[in-house]
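Student: Provided below for reference: sequence and predicted model.
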Amino acid sequence: MKQIANMNNAEKNLLYLSLALSTCLILFNACKVSIPKGAKAVKPFDSKRYLGKWYEIAHLDFKYEKNLDNVTATYTEKKVDNPLIINPLLPNFKQ
């Protein structure tokens, strides 16, 4: 393999492009979301059953959720068949 210093501009550009594409492919595959093995999606899914205010009973402390307590999420139905999710993160510092 040639040293990068000995490559002409076209070869360098091709190398950089292939590195960028490889990185994008790796990141794309790492971010894939799918149903876990053995789990099945609920069919038919009735979103109306999940509308309203939900209270969080436990969570992992992510950076933006540190020291939060009494966290709720409110799900409302929009006219475009996509639920609107309102998830207020109000600090109620734990003692």
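Tutor: It's in. Residues are numbered from 1 along each chain as shown.
Student: where do the strands sit along the chain?
Tutor: 52-55, 72-77, 83-86 (DSSP state E).
Student: Out of these, the one nearest residue 25 is which?
Tutor: Among these, the nearest to residue 25 by C-beta to C-beta is strand 83-86 (30.9 Å). Where C-beta positions appear, they are placed from N, C-alpha and C, glycine not excepted.
Student: what residue ranges in this structure score low on pLDDT?
Tutor: 1-2, 78-95 (pLDDT under 70).
Student: on that earlier part again, most tightly packed of the strands of the chain?
Tutor: strand 72-77 (a mean of 14; mean count of other C-beta atoms under 10 Å).
Student: just the CA coordinates of that one, formatted as PDB?
Tutor: Extracted as PDB, the C-alpha positions of strand 72-77 are listed here (Å, rounded to 0.1, in the frame of the first residue of the first chain):
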ATOM      1  CA  THR A  72     -44.700  12.000  33.900                       C
ATOM      2  CA  ALA A  73     -45.500  11.700  30.200                       C
ATOM      3  CA  THR A  74     -48.800  12.900  28.600                       C
ATOM      4  CA  TYR A  75     -49.900  11.300  25.400                       C
ATOM      5  CA  THR A  76     -52.600  13.000  23.300                       C
ATOM      6  CA  GLU A  77     -54.000  12.200  19.900                       C
END
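Student: how far is it from where the chain is centred?
Tutor: Relative to its parent chain, strand 72-77 has a centroid offset of 19 Å by C-alpha atoms, centre = their mean, to the nearest Å.
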